[in-house]
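[1] Quick one: sequence and predicted model below, then my questions.
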Amino acid sequence: MKRLSVEMPWKGMEVPHAVIEVNQNCNINCFGCCKDKMNYSKSLSEIKSEIDLISSKRNLAALSIAGGEPLLYKDLCEVISYIKQKKIRVILLTNGTLINLENLKKMKNAGLSRIVFHVDGHQDGRSDVKLPCTEKKLNELRKKYLDMCKEVNLELGFTVTIYQDTLHQLQDVLSFCQDESHIKFLLIMGYSQLVNYNEKLDKKYKRDDLSIKSQDAVTYMLDKEKALPVFHIPSSHNKNESRWNFYILSITHQNNGKKDIFYLHPSSKLTFYLLPRLQRMLKGRYSFDDQVNLLQIIIMLSLHAVFSFQLPIIIRTIKHLFTAIIYQNIRFQTYVFQHPPNQLGDNEYEICANCPDITVRHNQLVPTCLADVLYPIYVKN
């Protein structure tokens with residue numbers, strides 16, 4: 001299949017996102033976990049030093065806090081506040097099992113910009129789910145998290161790991177997100193046995209029949225959603241192989257409960273080439289899924305129509321905008337498909353070019369997905 005999407009222009013210092021890990025302990029086990037879980041937490045001073053280092057090496061729009069499970073970290077609000085002081089958007093990645101209205105309010109008051117809940121059907125040990133469970137059934141749990149975030153007016157997104165035996169259920173997750181106007185972002189991670197640390201815990205996690213390839217997800221989205229990615233991040237070893245794929249869709253809700261869903265099309269290459277660079281010029285940095293207002297949506301859709309140079313797309317865009325005017329609502333949603341590394345040889349791995357999920361280990365920047373493989377934390381007994 002010929003690639004139509006535009007390569008993200010992020011490179012070197014200008015990659016706008018990174019990850020800070022606050023601990024290595026977690027209260028559940030995900031089949032696709034790349035973490036070597038242990039009872040270890042970093043000191044607050046160590047985390048602040050890592051934030052200083054990573055923000056000096058990258059022109060960040062957003063910094064994600066991860067673990068382990070970061071809600072197990074006692075000084076989490078202090079970490080959020082420290083990042084916020086640097087005028088960087090703060091994103092929290094959590095499995096959600098420890099969330100409640102009280103800590104949501106505290107984190108928002110500390111400066112949290114977005115919380116992203118990881119929920120999928122291959123997570124052992126959740127206190128709020130009885131496995132086996134379908135992704136459609138798990139939407140009830142996602143709705144619970146959504147309602148709490150709406151109550152405190154906190155932006156949220158979701159993460160789901162897809163496996164060969166659950167890929168066919170992805171559309172249930174997409175439909176849920178499309179129905180809910182408060183959801184801005186969905187991260188879909190492809191499972192790979194390569195970085196599965198849970199194999200050390202139990203042989204049941206050793207599954208070589210569940211791995212997902214990048215093309216599997218692209219094919220699925222084209223078949224089920226008639227959608228193609230508009231941006232991609234290539235492989236570190238092969239410019240023709242994508243490791244991240246970005247889909248952008250515009251949604252208008254009608255009074256009869258129906259939705260007009262319009263995926264932006266990669267044929268409008270000039271739009272997707274110019275917009276990130278325009279954001280860089282206006283904001284002094286590249287965007288990392290920043291919030292967009294109504295005017296920005298209208299401008300982007302208009303450019304998308306004009307620069308597609310295709311009459312069917314121009315007509316479809318105009319119809320979508322006309323529907324938005326009638327029902328007086330329109331919003332964007334972003335889906336990001338992220339794929340884990342491939343091992344090419346001894347200590348040689350294929351990862352994302354200009355890794356957007358870089359973290360700090362031993363005072364250097366390293367890919368989060370390989371941090372525990374190549375740069376492990378050694379805890380003194």
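    Great, that's in hand.
[2] Excluding residues flanking it in the chain, which one is nearest His237?
    Among residues not flanking His237 along the chain, Glu350 sits closest, at 4.7 Å (CB to CB, 6 or more residues apart in numbering). For the C-beta atoms, the positions are set from N, CA and C on the backbone; glycine is no exception.
[3] Endpoint to endpoint, stretch 356-367 covers what distance?
    By CA to CA, to the nearest Å, the extent of stretch 356-367 from end to end equals 8 Å.
[4] what sits up against that stretch?
    By CB atoms under 8 Å, 6 or more residues apart in numbering, the surrounding residues in contact with stretch 356-367 are 10, 15-21, 50, 53-54, 57-58, 64, 66, 233, 244, 288, 338, 341, 351-352, 355, 368-369, 371, 374-375, 377.
[5] among these, which are in strands?
    The strands, defined by DSSP state E, take in His17, Ala18, Val19, Ile20, Glu21, Ser64, Ala66, Ile233, Trp244, Gln338 from those.
[6] Go through these and name the one nearest Ile115.
    For the ones in strands among the contacts of stretch 356-367, the minimum distance to Ile115 (CB to CB) is 10.4 Å, reached by Ser64.
[7] how about the closest one, what does it touch?
    Ser64 makes contacts with His17, Ala18, Val19, Ile20, Ile91, Leu92, Leu93, Val116, Asp357, as judged by CB under 8 Å, 6+ apart.
[8] of those residues, closest to Asp147?
    Val116 (16.3 Å).
[9] Not counting its neighbours along the chain, what's nearest that closest one?
    In space, not counting the residues next to it along the chain, Val116 is nearest to Gly157; the distance is 4.5 Å by CB to CB, 6+ apart.
[10] Run through the helices of the stretch 101-250 of the chain in chain order.
    Using DSSP state H, counting those that start in this stretch, the helices of the stretch 101-250 of the chain run over 101-110, 135-152, 170-179, 214-225.
[11] for Lys74, helix, strand, or coil?
    When classified by DSSP: H, G, I helix; E, B strand; the rest coil, Lys74 comes out as coil.
[12] In contact with it, which residues?
    Counting by CB under 8 Å, 6+ apart, Lys74 has contacts Ser41.
[13] Please tell me how far it sits from Lys42.
    11 Å (CB to CB, to the nearest Å).
[14] Which one, of the helices of the stretch 101-250 of the chain, ends up nearest to Gly121?
    It is, among these and with distance given as CB to CB, helix 135-152, at 5.9 Å.
[15] can you give me the offset of the closest one from its chain's centre?
    Averaging C-alpha positions (CA atoms, centre = their mean, to the nearest Å) puts helix 135-152 17 Å from its chain's average.
[16] Just the CA coordinates for it, please, in CSV.
    Taking Å, rounded to 0.1, in the frame of the first residue of the first chain, the C-alpha atoms of helix 135-152 are listed here in CSV:
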residue,chain,number,x,y,z
GLU,A,135,-13.9,-4.3,25.2
LYS,A,136,-17.6,-3.5,24.8
LYS,A,137,-18.3,-4.5,28.4
LEU,A,138,-15.2,-2.5,29.5
ASN,A,139,-16.9,0.6,28.1
GLU,A,140,-18.9,0.6,31.3
LEU,A,141,-15.7,1.1,33.3
ARG,A,142,-14.5,3.7,30.8
LYS,A,143,-17.8,5.6,31.3
LYS,A,144,-17.3,5.6,35.1
TYR,A,145,-13.9,7.3,34.6
LEU,A,146,-15.4,9.7,32.1
ASP,A,147,-18.2,10.8,34.4
MET,A,148,-15.7,11.5,37.2
CYS,A,149,-13.5,13.6,34.9
LYS,A,150,-16.6,15.5,33.7
GLU,A,151,-17.5,16.3,37.3
VAL,A,152,-14.2,18.0,37.9
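[17] What's the mean pLDDT across it?
    In this model, helix 135-152 has a mean pLDDT of 97.
[18] what's it in contact with?
    Here helix 135-152 makes contact (CB under 8 Å, 6+ apart) with 96, 99-101, 104-105, 108, 115, 117, 119-121, 128-129, 155-156, 158, 160, 166, 169-170, 172-173, 176, 180, 182-183.
[19] What of stretch 290-308?
    Residues outside stretch 290-308 that contact it (CB under 8 Å, 6+ apart): 61, 89, 155, 184, 250, 264-265, 267-271, 274-275, 279, 283, 313-314, 317-318, 320-321, 330-332.
[20] Give me the buried stretch members for that stretch, please.
    Neighbour counts over stretch 290-308 (16 or more other CB atoms under 10 Å) mark Val292, Ile297, Met300, Leu301, Leu303, His304, Ala305, Phe307, Ser308 as buried.
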